[in-house]
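Asks: Sequence plus the predicted model coming up.
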Amino acid sequence: MENRNSFDLQKHIEQGVEAIVAETLKATLKNPKESAFMAKFAVASRKASKTRLKLEERGLHVPGFLIASITSSCNLHCAGCYSRCSNATNDAPPVDQLSNEEWLRIFREAEELGVSFIMLAGGESMIRRDIVEAAGKMRNIIFPVFTNGTFMDERYFKLLDDCRNLIPVLSIEGGPEITDARRGSGIYRLVTDNMRKFKEKGLIFGASITVTTENVRAVSSPAFLDTLMEQGCKLVIFVEFVPVTEEAVHLAPGAAERAYLAEAMETLRQRYNEAVLLSFPGDELAMGGCMAAGREFFHINSHGGAEPCPFSPYSDVNVRDTSLREAIASPLFRRLQSEGVLSGEHVGGCVLFEKRDQVERILTEQPL
């Protein structure tokens, strides 16, 4: 296992969750309804941290985050989409996906274990309105809902107003030209129109940006961030592009781009101190390496498979057949942590994708 003497993972998780809550609370002080919710959530988050700490003392490390891909369907065909390239998303009718009731059970188990954040992803997460509505009832967990923004309607706006634990995170690649080039004609305008509606309705939202060699300077510029902040954006997540095909390797940020982004993040965080700015894998350096495989989070796919992360679609346990507690202690996760697979330099935003041959070998060596 990793050396806990040099890096106290549990302490870092507690501090990280508290910092995110504090920053989000600060970011919403001008919105009384949002601030009232965040104040209540801050209390729930501290209680969740104590729950995780007690479980840690008993030998079970519980991450503070989960990623839940609640559907394999998506209405867009974004260039270089990792989910489509790995066949996790396709245009065929969904088969044998987890039901609303099964996801709600998972959410409840997560709350009992002290999980504070569950990121809803896909495919396009808002296709599964039933699950998003169920998540809204779990007020002690914040659900960032990663979405392409094309399914927003008045019913969703009302749900987001009623359930402040649901925070839409809209995908955008920069300005109109580069966003539409990757996501489809007219998507930039649709997304930014929705951002304006969020602001008009007093709803908090975030933005998710895939960083490539082509857009790194544009998306990390104050000019671009100004356009997001003017619309009321309070959370910006920069995620390095993962080259899932050989043709796309040139888009993966290299050492020069990473250094540029890291320096830009320091400046941006000082400039926009009322927003939460996150960078992956850049921020993972402070966490002793990749956060996946149960260190800080793991991924549950739309069929229930517990995977290290969305970019590493390998699983030796299914939450449909077992509890979330048992999934967290997956033999695959334990070996990825103990054998140092989560550390080291890599190309693009995912060390496990870079080391997929090693992950596959470990998986085949697991006892049946």
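Replies: Looks like it came in fine.
Asks: residue boundaries of the helices in the stretch 201-350 of the chain?
Replies: Along the stretch 201-350 of the chain, the segments classed as helices by DSSP state H, counting those that start in this stretch run 216-219, 222-230, 255-271, 324-328, 331-338.
Asks: Please identify which of those helices is closest to residue 302.
Replies: helix 324-328 (15.1 Å; Cβ to Cβ). Quick note: C-beta positions are derived from backbone N, CA and C, even for glycine.
Asks: Where does the prediction get shaky in the stretch 51-200 of the chain?
Replies: 80-93 (pLDDT under 70).
Asks: Show the residue spans covered by the strands in it.
Replies: Ranges of strands within the stretch 51-200 of the chain are 65-69, 117-121, 143-147, 166-171, based on DSSP state E, counting those that start in this stretch.
Asks: now the helices of the stretch 201-350 of the chain in JSON lines, with distance to residue 59, mean neighbour count and mean pLDDT?
Replies: Formatted as JSON lines, the helices of the stretch 201-350 of the chain follow (distance: least, Cβ to Cβ, whole Å; neighbours: other Cβ atoms under 10 Å; pLDDT from 0 to 100):
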{"stretch": "helix 216-219", "distance to residue 59": "42", "mean neighbour count": "19", "mean pLDDT": "95"}
{"stretch": "helix 222-230", "distance to residue 59": "43", "mean neighbour count": "15", "mean pLDDT": "94"}
{"stretch": "helix 255-271", "distance to residue 59": "36", "mean neighbour count": "14", "mean pLDDT": "90"}
{"stretch": "helix 324-328", "distance to residue 59": "11", "mean neighbour count": "19", "mean pLDDT": "95"}
{"stretch": "helix 331-338", "distance to residue 59": "12", "mean neighbour count": "19", "mean pLDDT": "91"}
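Asks: export those to TSV and tack on distance to residue 40?
Replies: Listed next are these as TSV, based on distance: least, Cβ to Cβ, whole Å:
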stretch	distance to residue 40
helix 216-219	33
helix 222-230	26
helix 255-271	26
helix 324-328	24
helix 331-338	32
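Asks: Report the beta-bridge partner residues of the most centrally placed residue in the chain.
Replies: For the chain, residue 119 is the residue whose C-alpha lies nearest the centre (Cα atoms, centre = their mean; 5.0 Å). For residue 119, the beta-bridge partners under DSSP bridges are residue 67.
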